[in-house]
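[1] How does the following fold in three dimensions:
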Amino acid sequence: MSAVFVTATGTDIGKTFVTAALIRQARGHGHAVHAIKPVVTGFDQADWASSDPAVLLAALARSITLHEVEGISPWRFKAPLSPDMAGRREGRAIAFAQLIEFCRDTLRTHPGLVLIEGIGGIMVPLDEHRTVLDWMSVLRIPVLLVTGTYVGTISHTLTALEVLARRNLDIAAVVVNQSEQSAASLEETLATLKRFADCIEVIGVARLAAGNFEHPAWTRIAAVVGGQ
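    Residues are numbered from 1 along each chain as shown. Have a look, this model is predicted:
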């Protein structure tokens, strides 16, 4: 069994897109793979079929039902806010110990590659005291950092790498998911990040490779996270 925690420099960067692509790539090569997204905000009970967990279920070739969504995403909140704020609006909160146990139980019971998708960026608050960074620090599995080519991405990405390194987390790779209408090209962004990322692998995913899971970028990312 290999495992990786998929996180990002912020919200709407492409964590679910990358996670789903890795699932399809692994399955396409006959590898066992499972994925969970334990915490979801902005979850519309009336439109759950288009939610991020549903995207992961489709990639896993699992039944896309609300019951299945609940199975891979136990903590779901309506407001599109950080989990602590979204939970406060509903009068409930994430039990951090239960979140950790859910992840560990998933890791124990599923062979092959296990992908745990986080929420938002690395410092998003989960409750009154803990962040996604604390979540990753307790699990101690390799981290896949997803970023983009948007303006500000260089600072966001290098800051995230610095914070992850200070927690002694193993960074499997940085995936640069090409942003739409970006002022900088994918090539320029990759070149700059590689200069500052030391020995960490930085892999770019162009939009033209989005649906091509045999593209060298996906093959390389899958190899880095242990998908093949």
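
[2] from here on, contacts and neighbour counts on C-alpha atoms
    OK.

[3] ok, residue 99 - contacts?
    residue 38 (Cα atoms under 8 Å, 6 or more residues apart in numbering).

[4] All the helices of this structure, in order from the start?
    15-28, 52-60, 66-72, 83-89, 96-109, 132-139, 153-166, 186-196, 216-225 (DSSP state H).

[5] Residue 9: which of the ones you listed is closest?
    helix 153-166 (6.0 Å; Cα to Cα).

[6] could you dump the closest one to CSV, C-alpha only?
    Output of helix 153-166 as CSV, limited to C-alpha atoms (Å, rounded to 0.1, in the frame of the first residue of the first chain):
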residue,chain,number,x,y,z
THR,A,153,1.4,31.4,-7.5
ILE,A,154,5.2,31.6,-7.1
SER,A,155,5.0,33.2,-3.7
HIS,A,156,2.1,30.9,-2.6
THR,A,157,3.9,27.8,-3.7
LEU,A,158,7.3,28.6,-2.2
THR,A,159,5.6,29.6,1.0
ALA,A,160,3.7,26.4,1.1
LEU,A,161,6.9,24.4,0.5
GLU,A,162,8.6,26.2,3.3
VAL,A,163,5.8,25.5,5.8
LEU,A,164,5.6,21.8,4.8
ALA,A,165,9.4,21.5,5.2
ARG,A,166,9.3,23.0,8.6
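
[7] Give the other helices and strands that it contacts.
    Packed against helix 153-166 by the contact rule (3 or more Cα pairs under 8 Å, 6 or more residues apart in numbering; DSSP states H and E) you find helix 186-196.
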